[in-house]
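Student: below are the sequence and a predicted model for it; my questions follow.
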Amino acid sequence: MCEKYYLQTEHFTVGYDGTPIISDMEICVKRGEILTLIGPNGSGKTTVLRSLIRQLEPIAGIVLMQNVPMNQIAMEELSRQMAVLLTDRLQAELMTVQDVVETGRYPYTGRFGILSGRDRQIAEDAMRMTKVLDMRDQLFTKISDGQRQRVMLARALAQQPDIILLDEPTSFLDIRHKLEFLSIIQKLSKSQKLTVILSLHEVEFARIISDKVVCLKNGKVDRVGSPEEVFTEHYLSELYDIRIEELTPEFREVVDKMNKKGADYIG
Amino acid sequence: MRNHEKIRYVVVFCFLAACVCTFLAANICIGSVKISIQDVLSILVGRGDDSMYRDIVMQIRFPRALAALILGGALALSGYLLQTFFHNPIAGPFVLGISSGAKMVVALVMVFALSYGIKMTSVTMIAAAFLGSILAMGFVLLMSKAVDKMSMLIVAGVMIGYICSAITEFIVTFADDSNIVNLHNWSLGSFSGITWSHVKVMTIVVIICFLCIFFMSKPMSAYQLGEAYARNMGVRIKQFRIMLVLFSSILSACVTAFAGPISFVGIAVPHLAKSLMQTTKPILMIPACFLGGGIFCLFCDLLSRMMFAPTEISVSTVTAVFGAPIVIYIMIRQKSGGM
């Protein structure tokens, strides 16, 4: 066992109602690294993430955070170390952007959740980092999806976590917001030594952003390693079961390019 | 908290406090016998000479007005808790059939007690109402697992309410005791016949609940964001949900035990409070709902006594006239999205 891992799993089996979806998963990530989960729809990315953040009891195995089994960490303590950005819509009726970001301070406030000056400062800094400070007084329900995701990231940062888990954070964003969002993540992980685990649909971005890629398929981890190790020739066709014979010649060309260059290709 | 928000909250709370005082005074002064505010004040400080006035104020109107204030607040709070629980603004103890469930068990216990000549105390009334509330609530929760649409859950709740009311009617009709006349008034919803000992019990129960709920305002604010986020922030969801159900049941049980089922206050008041405050923060909404509910019920009770005086109509009729349109408005505004 390496001691330098920030988070690692051992014989981690996850699923619903005792039926495993991903079995015997072993992943590990160091502080400040970005780990990306990829795989076809329904391969279990969300299930793995939900189990890692203790929203779902794992069927077997354990998660170690800095060598401490996660189920021995009190939820209150965990919420100061781990922030999440889920696909569940945050319900924020009548809440401004600032209100939403300030909810990230929850684990640090007292009995009645009154914010101190310091809490406000931290929330403000978080908004600055994700560039949403200028819209702090707008209603959260009235801003665009791209902006909303950046606000959610600010909220997660206000929690001052060591690790942040994101479930398909770019899925509903346009290309500009996808690029901007992932850039912020990449910058933060370097500058703040923030550990990041996220799931992505966009393989091409996974290659750029990740220190480590975990490919899920058929109920297990199919491949794990650095992007260079994982994205070998023809692997993407294999991972996503791309059936070349069903594609028009134009799209076959696209697949050819993808496979040849690994994921050098940006589509 | 920005400055203009702070000012708004202070103004709203001052306004609510002023309304409480005004309506409390109005409910004591106005009636079939008009009593001036000076007379009321001198009676309250113990210097009133007219014993009839004193009896009217001290034995009838004052306890009744206090009951309207406290129970109205309890009802609004109960509704607010249910709305938080279901993440839906049109949940409330009346539409979900919880009030009617409480009514049914209270009627059963009452008729049983009367036929054996046992005197019902306030506490047994609350206990019976609580049992009924929990039964109906359990039913609603079972339903909520089976139906995924909130609108269907409301329909189910209304149906439960009808079934319970039908059973209550049945019991009341066939119970052969003259005391049952009181039961009939009560089963429609009314603040009449409240005594000081009732007020004492309800005050204790409601104040304790209010304080407990107030102390839950922090996890409540997290829960409002969605369960997944609340869990990540360290809220013990299961425990928390049980507490929500428990307190909303105790509060609505307390109301039903003393005043019968009162409609729509639990939905209308939290909505009005939210519109006034322009916030959903529980720490502000909890006291605002309580005061708002008290004012609403004081106002409706005054109307129920005065509109067709000397005939008194049930307070639930009046609250429905004002409350139901608000519920319809919320439903239209909510569109199909949230339902």
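Tutor: Sure thing, it's come through.
Student: is stretch B:73-86 positioned near chain A?
Tutor: No - Stretch B:73-86 does not reach chain A (C-beta under 8 Å from any C-beta of the partner chain); its nearest approach is 10.8 Å. In short, each C-beta sits where N, CA and C put it, glycine included.
Student: what residues does chain B have near chain A?
Tutor: B:1-2, B:87, B:215, B:217-218, B:221-222, B:224-226, B:228-229, B:231-236, B:274, B:278-280, B:283.
Student: let's see 10 Å
Tutor: B:1-2, B:5, B:87, B:89, B:214-215, B:217-237, B:274-275, B:277-283, B:338 (C-beta under 10 Å from any C-beta of the partner chain).
Student: which among those residues count as buried?
Tutor: With neighbours counted by 16 or more other C-beta atoms under 10 Å in any protein chain shown, the residues of chain B next to chain A contain buried members at B:5, B:87, B:89, B:214, B:217-235, B:237, B:274, B:277, B:279-283.
Student: can you pull out the low-pLDDT segments for chain A?
Tutor: A:1-3, A:261-267 (pLDDT under 70).
Student: please name the nearest non-neighbouring residue to B:V201.
Tutor: Leaving aside its chain neighbours, B:V201 sits nearest to B:S122 (4.1 Å; criterion: C-beta to C-beta, 6 or more residues apart in numbering or on different chains).
Student: doesn't A:G42 belong to a strand?
Tutor: No - under DSSP: H, G, I helix; E, B strand; the rest coil, A:G42 sits outside any strand and is assigned coil.
Student: A:R207: how many residues sit nearby?
Tutor: 23 (other C-beta atoms under 10 Å in any protein chain shown).
Student: quick check: the residue of the stretch 101-250 of chain A nearest chain B.
Tutor: Distances between the stretch 101-250 of chain A and chain B by C-beta to the nearest C-beta are smallest at A:G113, namely 3.9 Å.
Student: ok, and the closest non-adjacent residue to that residue?
Tutor: The nearest residue in space to A:G113 (C-beta to C-beta, 6+ apart) is B:K218, at 3.9 Å.
Student: what about the longest helix in the chain?
Tutor: In the absence of a named chain, this looks at chain A. Longest helix of chain A, by residue count under DSSP state H: helix A:175-191.
Student: chain B was what I was after
Tutor: helix B:3-29.
Student: just checking, what packs against the helix or strand that that one is followed by?
Tutor: Next helix or strand after helix B:3-29 toward the C-terminus (DSSP states H and E): helix B:37-44. Packing partners of helix B:37-44 (3 or more C-beta pairs under 10 Å, 6 or more residues apart in numbering or on different chains; DSSP states H and E): helix B:3-29, helix B:51-55, helix B:62-86.
Student: deepest in the core, which of these is it.
Tutor: helix B:62-86 (a mean of 27; mean count of other C-beta atoms under 10 Å in any protein chain shown).
Student: would you mind getting the angle between that one and helix B:37-44?
Tutor: 90 degrees (axes from the mean of the first three to the mean of the last three C-alpha atoms, to 10 degrees).
Student: before we move on, back to that, ok, the residue of the stretch 101-250 of chain A closest to chain B touching B:F215?
Tutor: No - with contact defined as C-beta atoms under 10 Å, A:G113 does not count as touching B:F215 (11.1 Å).
Student: rewinding a little: tell me which of the helices and strands packed on helix B:37-44 sits nearest to A:T109.
Tutor: helix B:3-29 (17.8 Å; C-beta to C-beta).
Student: now for that closest one, which elements pack on it?
Tutor: Looks like helix B:3-29 contacts helix B:37-44, helix B:62-86, helix B:265-277, helix B:282-306 (3+ C-beta pairs under 10 Å, 6+ apart).
Student: mind checking how far the strand or helix carrying A:S51 is from the chain centre?
Tutor: Assigned by DSSP H and E, A:S51 belongs to helix A:45-52. Chain-centre distance of helix A:45-52: 10 Å, with C-alpha atoms, centre = their mean, to the nearest Å.
Student: can you pull the buried residues of the strand or helix carrying B:S133?
Tutor: Under the criterion of DSSP H and E, B:S133 resides in helix B:122-146. For helix B:122-146, the buried set under the neighbour-count rule, 16+ other C-beta under 10 Å, comprises B:122, B:124-137, B:139-140, B:143-144.
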